[in-house]
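**Q** give me coordinates for this.
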Amino acid sequence: MGDVIGRGWELYLRYNIINDNVKRNNLSLFANLFSVRNKIEKVSSTIAAMNARADTARSSRPITRYAEGQSTSAIWAVPSKGIDPSTGYEIFVKRDGSLSNIYDPRDQVIVGDSRAKIEGTFGTNLELNGIGFNVFFRFRYGGQAYNQTLVERVENVAAAYYNVDRRVYEERWQKPGDITFFKGLIDNAGIAITEPTYTTSRFVQDDNLMALENLTMYYRFSNALNKKLGLENTRISFFTSDVFRLSSIRRERGLDYPFAKTFSLQIQTSF
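**A** Predicted coordinates:
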């Protein structure tokens, strides 16, 4: 279907600060960093035909395109100057640089890339006198994402028929002079704006992330305590995930911005 060249690097680091095998005390730091970039060298006639169909397709989410010399994860959309404060319509940038309120899919260009420039994990493992902590972070920096949730919940909702997000009535353009991120329900002449919101750079956002994905705390029984209880290799562990998440893009789920948290308590022994 085509030729793609991928280039990248990966770096894994681990440093032991404490390593006492007799007392089982240890402290180590680790990090795993990587970056991958893909470049399309050649596309087949089938891919070219698919790209041509995308030039006439009106979609509310980015359509995958493959262009020679570009990334396989490029985000294509019509460039936007935002919402016109005088009319409530969106201002689009055409291929020749002129401005228009008329959406044309042929004006789509690359406005971002969903692949991060660098991403990876890092953390620490610690155990002192039977008390241990394992901490695991994940991060990404330099990529973008299309915030489809904002399109579906705020601009492409059927406001006349269903209960809607409060932003539909509180944060959309309402009258001349309003400076808003979302286009109006009606224009400056009081006429309903009925055309759906199609793929636009207005909803492309930086997707940087820092998350504490896993945290483990445990207590390992000493040999003396194990012997007293008639047990061996006893350990009580507490696990939790998604402790916190810092992100430049808000991934809406349900009525708020929650993400799954799990808590587990484990007792492990032998006798």
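**Q** remind me, longest helix of the chain?
**A** Secondary structure assigned by DSSP state H gives helix 45-54 as the longest helix of the chain.
**Q** buried sites along that helix?
**A** Judged by neighbour count (16 or more other Cβ atoms under 10 Å), helix 45-54 contains these buried residues: 47, 50-51, 54. Heads up, the C-betas are built off the backbone N, CA and C, glycines and all.
**Q** of those, closest to Trp9?
**A** Trp9 lies nearest to Ile47 out of the buried residues of helix 45-54, by Cβ to Cβ, at 28.0 Å.
**Q** surely that closest one and Asp3 touch.
**A** No. Under the criterion of Cβ atoms under 8 Å, Ile47 lies out of contact with Asp3, with a separation of 10.7 Å.
**Q** can you tell me what sits against the helix or strand that the longest helix of the chain is followed by?
**A** Scanning forward in sequence from helix 45-54, with DSSP states H and E defining helices and strands, the next element found is strand 74-77. Among residues not part of strand 74-77, those counted as contacts by Cβ atoms under 8 Å, 6 or more residues apart in numbering are 54, 62-63, 65, 67, 108-114, 144-146, 199-201, 203-204.
**Q** please repeat the previous calculation with a cut-off of 10 Å.
**A** Applying Cβ atoms under 10 Å, 6 or more residues apart in numbering, the set of residues contacting strand 74-77 from outside is 38, 40, 51, 54, 59, 61-67, 70, 105, 107-115, 143-146, 198-204.
**Q** how distant is the longest helix of the chain from the center of its chain?
**A** A distance of 28 Å separates the centroid of the chain from that of helix 45-54, by Cα atoms, centre = their mean, to the nearest Å.
**Q** ditto for stretch 148-155
**A** Stretch 148-155 has its C-alpha centroid displaced from the chain centroid by 16 Å (Cα atoms, centre = their mean).
**Q** start to end distance for it?
**A** Between the opening and closing residues of stretch 148-155 there is a gap of 10 Å (Cα to Cα, to the nearest Å).
**Q** do stretch 60-72 as well
**A** In terms of Cα to Cα, the two terminal residues of stretch 60-72 are separated by 20 Å.
**Q** hang on, the earlier thing: just checking, what packs against the longest helix of the chain?
**A** Counting contacts by 3 or more Cβ pairs under 10 Å, 6 or more residues apart in numbering; DSSP states H and E, helix 45-54 packs against strand 2-20, strand 25-43.
**Q** got a list of contacts for the first one?
**A** For strand 2-20, the surrounding residues in contact (Cβ under 10 Å, 6+ apart) are 25-44, 46-48, 66, 68, 71-72, 115, 118, 120-122, 124-128.
**Q** filter those residues down to the buried ones, PyMOL style.
**A** PyMOL command restricting the contacts of strand 2-20 to the buried ones, with burial defined by 16+ other Cβ under 10 Å:
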select buried, resi 25+26+27+35+38+40+43+47+66+71+72+115+120+121+124+125+126+127
